[in-house]
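Participant: dropping the sequence and predicted coords here.
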Amino acid sequence: MDDDPEVAKLLEMTRQIVKSDTNYGFSLVANIRSFHQAMISERRFNDLEKRIARIEERTDQSKKKASIRKTDPSDQKEDIIKRRAM
């Protein structure tokens, strides 16, 4: 089972309720499935937020590298853009 006695106790109670063939058992099963799906979705959402933040950071850095600065010579701007975009 589980090394944590409190968790083991809760799992045993859960087992009894789920096997009880009562409305409590059906409700608990539905809640467990819903909570589990919500937990998985939340993890996935958080991972996606982190990935988007990294992409945005790289995009911002790329824009800064590729942009023309006021101090860039106007006759070389096209070449500068090409070099910075690489």
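Facilitator: Received it, and whenever you're ready, just let me know what you need. Numbering: from 1, shown residues only.
Participant: pLDDT weak spots in this structure?
Facilitator: 1, 63-70, 72, 83-86 (pLDDT under 70).
Participant: mind listing the helices for it?
Facilitator: Secondary structure of the chain (DSSP state H): helices located at 5-18, 23-66, 77-85.
Participant: using CSV, please lay out the ones you listed together with mean neighbour count.
Facilitator: In short, each C-beta sits where N, CA and C put it, glycine included. Converted to CSV, those look like this (neighbours: other C-beta atoms under 10 Å):
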stretch, mean neighbour count
helix 5-18, 12
helix 23-66, 11
helix 77-85, 12
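Participant: what are the contacting residues of stretch 15-32?
Facilitator: Applying C-beta atoms under 8 Å, 6 or more residues apart in numbering, the contact partners of stretch 15-32 are residue 14.
Participant: end-to-end on it?
Facilitator: This stretch, stretch 15-32, spans 12 Å end to end (C-alpha to C-alpha, to the nearest Å).
Participant: now the residue lying farthest from the centre of the chain: how far from residue 81?
Facilitator: When distances are taken from the C-alpha mean of the chain, residue 75 lies farthest, 45.8 Å away, according to C-alpha atoms, centre = their mean. Note on residue 75: its distance to residue 81, by C-beta to C-beta, to the nearest Å, is 13 Å.
Participant: over to residue 22?
Facilitator: Applying C-beta to C-beta to residue 22 and residue 81 gives a distance of 71 Å.
Participant: do the same with residue 37
Facilitator: 48 Å.
Participant: how about residue 18?
Facilitator: 64 Å.
Participant: just residue 19 next, same as before
Facilitator: Residue 19 is 69 Å from residue 81, by C-beta to C-beta.
Participant: could you do residue 40 as well?
Facilitator: Distance from residue 40 to residue 81, by C-beta to C-beta: 44 Å.
Participant: before we move on, what about residue 14?
Facilitator: 63 Å.
Participant: now swap in residue 2 and tell me
Facilitator: According to C-beta to C-beta, residue 2 and residue 81 sit 61 Å apart.
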